[in-house]
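Q: A predicted structure for the sequence below; I have some questions about it.
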Amino acid sequence: MLYSYPTAILLGLAGLVTWVLVARVKAYARLSHIPGPFWTGWTDLWLIRAQLSGRISFILGDTNTKYGPIARIAPNWVVLGDPFELRKVWGVRGPWHRGDWYRGLRLDPYRDSTFTALDDKVHDSLRAKLVPGYGGKDVDNLHELIDEQVLRFVHLLESKYLSTDTSYKPVDLARKVQYFTLDVISALAFGKKLGYLEADRDAFHYIETTEKTIPFLMVTALMPWFLDIIQSPKLKWLIPDARNMVGIGTVMQLAQQAVQSRYGAKPEVKRDMLGSFVAHGLSKQDAEGESVVQIIAGSDTSATAIRSTMLFIMTNPQVYARFQSEIDERVRDGLISSPITDAEAKQFPYLQAIIREGLRMWPPATGLLPKVSKSDEIICGVRIPAGTNVAWAPWSVMRNKTVFGDDAGIFRPERWMDISQDRWRLMDQTVMLDFGSPSRWECLGKNIAMIELNKTYVELLRRFDFTLVDPSHPWNSFNAAFFIQKDLNVRVTARENPYIPCFG
Ligand code: HEM
């Protein structure tokens, strides 16, 4: 034997350490020309820590402020905070593709949905079968189903949570809004609502389970090696099946039941979203997956948009007063129905301003959404080596002063009023980045989300007044790609208004 055992072990260890060091230095060198916090050049731990903190979007925003519009956030990651450059990266025709991160969003580790497909061909082919259903053209009662849930939401507040001078019934608006969005999306996706508003509690434990699992999923998404392990078919026996989990599993089973009747020898044919997917050739297995995606992608995001916009309205007395008085005026003039129709809402400029300003101030979907190119590219004048994950920083993009003005950091819907068409279009295009627009991965549910937003604020504020219970601590909000938000405690009172039709 050439060496003794201890010497061989020591040499082996030294070789390993050298190999790790060389690999680290090489990894560091790739992005060393891009500024960023020191440790991000050497390890993913800075990014993982930010992800775990519940403040990742704010941290990324601060990073752009300190290091510039393109900053290094891990050895193979940069964050982009410039809306003009982001639109180029997300442009439909370009060298950019989804990064590995998206694999971390898979619920079924062995099958992709539109939301997780990395391969453009797989993604585009799935998406083509979904577009007509999401667009609402093949769906007979999309607006009616949303109206029904809006009125149920109103009914819940009216029947259980109205405070008066003599009785005080604080309500967590964050939770009730989520019940509303879950019922909207399930009614559209399954043809049958989950019934959260009626139950007035997390009856399926869906909220509880997603709040526990999503932060964990978001961390695993940063570790492709870990995804390789947990998504390996060989290790299937080791990994818990989402189907057996309380909450998410229940939703998956409901999706299976809903899909079951649409396939087979005597399929039920309906002009609803699922019916449209089937008619456009979506397979049974894909239909199950996409129905679950609808619930996951469509409930928290819309709920966050509604909660945060309501919070901004409640904390800006001038906006509150103007909005309510414009609603009253329109009700008096017979310009809006109850609930307001989508067409009427689009003719209500101050409402459109509030919706966009709310989406701008608090982007609801803040996942890193990394795009990767196979070739070196230039962003903000800086060379981005092939294979680098380019994430976005919603808080930087939506507070860009060139687009939104010097006071971009405050909620001021007036910035959308009385401006040139060109300026409005530029601001609108920028806010629509919240939906991944204009990319090939643009949110499929954007149309549905906008209908929900169009209807909700008007219906709530024409009927009720809202007061924050504790303005010094308005809510609990945890940022983990989606927002986990609760304790938006408010006092709700009825408004004297003779123009409101009764529920039922
Ligand atoms: C305010 C509410 C919403 C926001 C801000 C939002 C935002 C987003 C974003 C940023 C993406 C990802 C784009 C990318 O991968 O680069 C996305 C994708 C998606 N969203 Fe939404 N979303 C919202 C509501 C909804 C709703 C209500 C639904 C379902 C009814 C939905 C269904 C989807 C689907 C299916 C995808 C995948 C699209 C694809 O990969 O082609 N979203 N959304």
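A: Received the coordinates, thanks.

Q: make sure Asp112 is indeed in a helix.
A: No - per DSSP: H, G, I helix; E, B strand; the rest coil, Asp112 lies outside any helix segment and is coil.

Q: for the residue nearest to it when sequence neighbours are not counted, identify the helix or strand it belongs to.
A: Among residues not flanking Asp112 along the chain, Val122 sits closest, at 6.2 Å (Cβ to Cβ, 6 or more residues apart in numbering). All C-beta spots, glycine's among them, are computed from the backbone N, C-alpha and C. For Val122, the host element (DSSP states H and E) is helix 120-135.

Q: residues of the helix or strand just after that helix that come out buried?
A: Helices and strands here follow DSSP H and E; after helix 120-135, the next one along the chain is helix 142-160. For helix 142-160, a neighbour-count test (16 or more other Cβ atoms under 10 Å) marks 142-143, 145-154, 156-158 as buried.

Q: which of these sits closest to Val372?
A: In terms of Cβ to Cβ, no member of those lies closer to Val372 than Leu142, at 35.2 Å.

Q: tell me which residue in the protein sits closest to the ligand.
A: Closest approach between the chain and the ligand, counting by Cβ to the nearest ligand atom: Gly445, at 2.0 Å.

Q: and for that residue, the neighbour number?
A: Residues within reach of Gly445, counting by other Cβ atoms under 10 Å, total 21.

Q: before we move on, what about Pro37?
A: Counted with other Cβ under 10 Å, the neighbours of Pro37 add up to 17.

Q: about what we covered before: hang on, the residue of the chain closest to the ligand packs against Ser299?
A: No - Gly445 sits out of contact with Ser299 when judged by Cβ atoms under 8 Å, with a separation of 10.0 Å.

Q: the nearest residue to Pro95 once chain neighbours are set aside and Ala365: what is the separation?
A: For Pro95, ignoring the flanking residues on the chain, the nearest one in space by Cβ to Cβ, 6+ apart is Ser373 at 4.4 Å. Applying Cβ to Cβ, to the nearest Å, the value for Ser373 to Ala365 is 23 Å.

Q: three-state assignment of the residue nearest in space to the middle of the chain?
A: In the chain, the centroid-proximal residue (Cα atoms, centre = their mean) is Ala365; its distance is 2.7 Å. Three-state assignment for Ala365 (three-state DSSP): coil.

Q: residues touching it, list them.
A: Listed by Cβ atoms under 8 Å, 6 or more residues apart in numbering, the contact set of Ala365 reads Thr301, Thr304, Asp434, Phe435, Gly436, Cys443, Ala481, Phe482.

Q: near the ligand too, which of these?
A: Thr301, Asp434, Phe435, Gly436, Cys443 (Cβ under 6 Å from any ligand atom).

Q: next, the buried residues of stretch 113-125.
A: Of the residues in stretch 113-125, Ser113, Thr114, Phe115, Thr116, Ala117, His123 count as buried by neighbour count, 16+ other Cβ under 10 Å.

Q: report the angle between the axes of the longest helix along the chain and helix 142-160?
A: For the chain, the helix with the greatest residue count under DSSP state H is helix 284-314. With axes from the mean of the first three to the mean of the last three Cα atoms, to 10 degrees as the basis, helix 284-314 and helix 142-160 are set at 50 degrees to each other.

Q: and whichever helix or strand comes after helix 284-314, how far from the chain's centre?
A: As assigned by DSSP H and E, the chain's next helix or strand after helix 284-314 is helix 317-332. Once both centres are worked out by Cα atoms, centre = their mean, to the nearest Å, helix 317-332 turns out to sit 29 Å from its chain's centre.

Q: what's the farthest-apart pair in the ones next to the ligand among the contacts of Ala365?
A: Greatest spatial distance in these: Thr301 and Gly436, 11.1 Å, computed using Cβ to Cβ.

Q: my guess is Val490 is in a helix, correct?
A: No - using three-state DSSP, the assignment for Val490 is strand, not a helix.

Q: the stretch 401-504 of the chain: helices as residue ranges?
A: 401-404, 421-431, 446-463 (DSSP state H, counting those that start in this stretch).

Q: what's the first one packed up against?
A: Read it as helix 401-404. helix 421-431 (3 or more Cβ pairs under 8 Å, 6 or more residues apart in numbering; DSSP states H and E).

Q: going by neighbour count, which residues in the helix it packs on are buried?
A: In helix 421-431, counting by 16+ other Cβ under 10 Å, buried: Trp424, Leu426, Met427, Thr430, Val431.

Q: just stretch 358-377 next, same as before
A: For stretch 358-377, a neighbour-count test (16+ other Cβ under 10 Å) marks 358-373, 377 as buried.

Q: among these, which are in helices?
A: Using DSSP H, the subset of the buried residues of stretch 358-377 located in helices is Gly358, Leu359, Arg360, Met361.

Q: redo these as TSV? Include pLDDT and distance to the ligand.
A: Shown next, in TSV, are these (pLDDT from 0 to 100; distance: Cβ to the nearest ligand atom, whole Å):
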residue	pLDDT	distance to the ligand
Gly358	98	9
Leu359	98	7
Arg360	98	11
Met361	98	13
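
Q: tell me who's in contact with the residue nearest to Arg356 when sequence neighbours are not counted.
A: Of all residues not flanking Arg356 in the chain, Val431 sits nearest, at 5.0 Å (Cβ to Cβ, 6+ apart). Neighbour list for Val431: Arg356, Leu359, Arg360, Met398 [criterion: Cβ under 8 Å, 6+ apart].

Q: likewise Arg55?
A: With Cβ under 8 Å, 6+ apart as the criterion, the residues that contact Arg55 are Asn479.

Q: can you tell me how far it is from Leu282?
A: Applying Cβ to Cβ, the value for Arg55 to Leu282 is 38 Å.

Q: likewise for Ala393?
A: Relative to Leu282, and taking Cβ to Cβ, Ala393 is found at 34 Å.

Q: quick one on the thing from earlier: now the residue nearest to the centre of the chain, what are its backbone angles?
A: Ala365 has phi and psi values of phi -110, psi 110 when expressed as degrees, to the nearest 10.

Q: swap in Phe411?
A: Dihedral pair for Phe411: phi -80, psi 110, per degrees, to the nearest 10.

Q: now do Val78
A: Backbone geometry at Val78, expressed as degrees, to the nearest 10, gives phi -130, psi 160.

Q: got the residues of this protein near the ligand?
A: 114-115, 127, 185, 293-294, 297-298, 301-302, 305, 364-365, 369, 434-436, 439, 441, 443-445, 448-449.

Q: tell me where the model's unsure across this structure.
A: Scanning the chain for pLDDT under 70 picks out 1-2, 235-246, 497-504.

Q: surely Phe482 meets Asp300?
A: Yes - if you go by Cβ under 8 Å, Phe482 and Asp300 touch, sitting 4.2 Å apart.

Q: anything in contact with each of those two?
A: Joint contacts of Phe482 and Asp300 (Cβ under 8 Å, 6+ apart) are Pro364.
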